[in-house]
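Q: Below: sequence and its predicted model.
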Amino acid sequence: MRKRANEKGSALILAMILVLVLSVMAASMMFLSQSETWASLNYRLMTQARYGAEAGLNVAANYLMYTYQKPGTTADPLSAYDMTQSPVTLAGTNTPVTLSTYSGDAAHYPASAVQSDFATNAKGPLQAGTTPLTYDSSAQLLSMRQVSVYGSTTPATVQTWRLTGRGGIANVSNASVEVSAIMEQIVAPIFAYAAFASSAGCSALNFGGGGTTNSYDSSTLVANGGTATSVAFSASGGNVGTNGNLNEVGSTTVINGSLSTPRAGVGTCSTGNVTALSGSGSVTGGIVSLPQPISYPNPPVPNPMPPTGNLRLNNGACSYTGCTGTGGVYQLAPGTTSSPALYPDVIVQGVVHLSAGVYNMNSLTVGSVGASIVIDSGPVIVNIAGAGFSTNQAPIDLTGGGISNPSLNPANFQIQYGGTSLVKLTGGSASSALVYAPNASGSFTGSGDFYGSVIVNQLTDMGGAAVHYDRRLQSEFYFLGNWMLDSFSWSKY
């Protein structure tokens, strides 16, 4: 029997190797844990700094949207800006127009009071738990122009800004973040649809009985004041829109265009589930999803307000101030934007001629078969007050007769009403108008043709009226929409 080799001390060596391996593993785990801790800390600090930068950007945006007074005043004249450049520069220089709260970064803005106000309101501290943050911001004016806004005689100033917010954490040098975005105010044609209903509910638009839409271009017809003898219709472009639902009844009811709405889905509409489209009709251009509801500005209250009381125009002579004619044919004298002609509740039972100018009326009714309003020249702008009318009465009722606007240029006859009562319309071979009553309920009577555009709260066309949209309106009248923030980016600085 052989003796085993001397193995004394081998256990100690193995134990030391294991201790060494475990020590290395422990050190590695400690290093990894420390790295993860620092990574988590860095992520938290960068996130908090970004929140601070976003706070700076949003404070700058809020200032420009709600506090800032746009140029055009005596203290801040438009002449101080070179609007032909992008970015906009100070007139006679190459210096971009900027507002800033950055220390050591000088602002360049013509009105010192505006810059001082921005510097005070567009920066500040922010507490994130136990961590104190700081933020500041700047704004560079990229573009500026003036546009004519529908219903206003004063041009509006429209701007686009590049906003930058910087956020940081005190005493932490690597937690500094910069966020930037482009902020612009949307300018859109106000009469962009054959019909628009501002209601957000079911049947905001209600078409039936073979009602249709399509489009034409009045600029290809004869000049204003002439007679449009031939109209080329397009089986597209008769777009409709609503903040709610379009309900179509009958297979012959066709929207030859698109439906724009922030609602989604096709099928039965209910209060708890407002779909975009319901019914058995068709929309040839499909459904366009609006990112948000469209909010139209209220028409201004007629100023000065017209009187009340009936001005009935039938067979007798007209003795009312501004009214001439007899035997059923009359002329109402127009006013101007600064001095509108004032008429009470006008009831047309004959033929009434209107020429270019501004008319403030309490109500307008075409009250008998064969009666009509004739547009001799345009634009004719009729501002309706509707004083004394309840919601189920109609301060605008054109169903007894019709409109004769032979040029088929709807801009020649504009009706504006800010109330919530009824608007009753009818079609005809020369019924061409723009109806702007975003708070009222509107309806078409009969199956005639209507050339132009209608904006109401709710619209019913169950008699088969055809609404022909004038594509010329895409470039004629505008309104200012919501501010939009886009093109976001961020980085460390």
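A: Structure's in. What do you need?

Q: Bridge partners for the residue lying closest to residue 70 once chain neighbours are set aside, pull those for me.
A: The shortest distance from residue 70 to any non-neighbouring residue, by Cβ to Cβ, 6 or more residues apart in numbering, is to residue 157 (4.4 Å). The way it works is simple: take the backbone N, C-alpha and C, and place the C-beta from them, glycine included. Note on residue 157: beta-bridge partners residue 146, judged by DSSP bridges.

Q: Surely residue 157 and residue 146 touch.
A: Yes - with contact defined as Cβ atoms under 8 Å, residue 157 reaches residue 146; the gap is 5.6 Å.

Q: Tell me the pLDDT of the residue nearest to residue 70.
A: Residue 157 carries a pLDDT value of 92.

Q: how much space between it and residue 438?
A: 24 Å (Cβ to Cβ, to the nearest Å).

Q: okay, the two: which has more neighbours?
A: A count of neighbours by other Cβ atoms under 10 Å puts residue 438 above the other of residue 157 and residue 438, at 21 against 18.

Q: and that one, backbone torsions?
A: With angles defined as degrees, to the nearest 10, residue 438 sits at phi -70, psi -10.

Q: Would you check that it makes contact with residue 458?
A: No - shown here, residue 438 and residue 458 do not form a contact pair, counting by Cβ under 8 Å, at 10.6 Å.

Q: All the strands of the stretch 201-350 of the chain, residue numbers only.
A: 205-208, 212-216, 240-242, 246-249, 254-255, 259-261, 277-279, 282-283, 287-289, 310-313, 323-326, 329-332, 341-348 (DSSP state E, counting those that start in this stretch).

Q: Which of those sits closest to residue 397?
A: Nearest to residue 397 among these is strand 341-348; the distance by Cβ to Cβ comes to 9.3 Å.

Q: what distance separates the lengthiest helix in the chain from the centre of its chain?
A: Longest helix in the chain by number of residues (criterion: DSSP state H): helix 10-62. Distance of helix 10-62 from the chain centroid (Cα atoms, centre = their mean, to the nearest Å) equals 49 Å.

Q: Then stretch 116-125?
A: Centroid separation for stretch 116-125 versus its chain: 29 Å, with Cα atoms, centre = their mean.

Q: With stretch 142-156 instead?
A: Stretch 142-156 sits 14 Å away from the centroid of its parent chain (Cα atoms, centre = their mean).

Q: go on, stretch 231-244?
A: So, by Cα atoms, centre = their mean, the centroid of stretch 231-244 is 19 Å from its chain's centroid.

Q: mean confidence for that stretch?
A: 94.

Q: do the same with stretch 67-74
A: Across stretch 67-74, the average pLDDT comes to 91.

Q: Touching it from outside, list them.
A: 76-78, 80-81, 110-111, 114, 117-118, 121, 144, 157, 159 (Cβ atoms under 8 Å, 6 or more residues apart in numbering).

Q: which one in the residues you listed is the model shakiest on?
A: residue 121 (89).

Q: Burial check on the residue nearest to that one when sequence neighbours are not counted, number of neighbours?
A: Excluding the flanking residues, the one nearest residue 121 by Cβ to Cβ, 6+ apart is residue 63, at 5.5 Å. Neighbour count of residue 63, defined by other Cβ under 10 Å: 20.

Q: ok, now the one 10 residues further on?
A: Other residues near residue 73 come to 10 when the count uses other Cβ under 10 Å.

Q: Would you confirm that it belongs to a helix?
A: No - Residue 73: not assigned to a helix; according to DSSP: H, G, I helix; E, B strand; the rest coil it is coil.

Q: measure it to residue 80 for me?
A: 11 Å.

Q: ok, now residue 301?
A: Noted for residue 301: a distance of 34 Å to residue 80, by Cβ to Cβ.

Q: Comparing these two, which residue is more hemmed in?
A: residue 80 (15 against 12).

Q: any chance you could map the strands in the stretch 51-200 of the chain?
A: 81-82, 89-90, 98-100, 124-128, 131-147, 156-169, 172-189, 195-197.

Q: brain fart, the stretch 351-493 of the chain
A: 351-354, 357-366, 372-375, 380-384, 396-397, 402-404, 413-417, 422-426, 432-445, 449-461, 466-470, 478-492.

Q: Please work out which of the ones you listed is packed deepest.
A: strand 466-470 (a mean of 27; mean count of other Cβ atoms under 10 Å).

Q: next one: it to chain centre, how far?
A: 22 Å.

Q: how about the strands of the stretch 201-350 of the chain in TSV, adding distance to residue 46?
A: Below are the strands of the stretch 201-350 of the chain laid out as TSV (distance: least, Cβ to Cβ, whole Å):
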stretch	distance to residue 46
strand 205-208	49
strand 212-216	53
strand 240-242	43
strand 246-249	47
strand 254-255	51
strand 259-261	40
strand 277-279	46
strand 282-283	48
strand 287-289	35
strand 310-313	72
strand 323-326	74
strand 329-332	70
strand 341-348	65
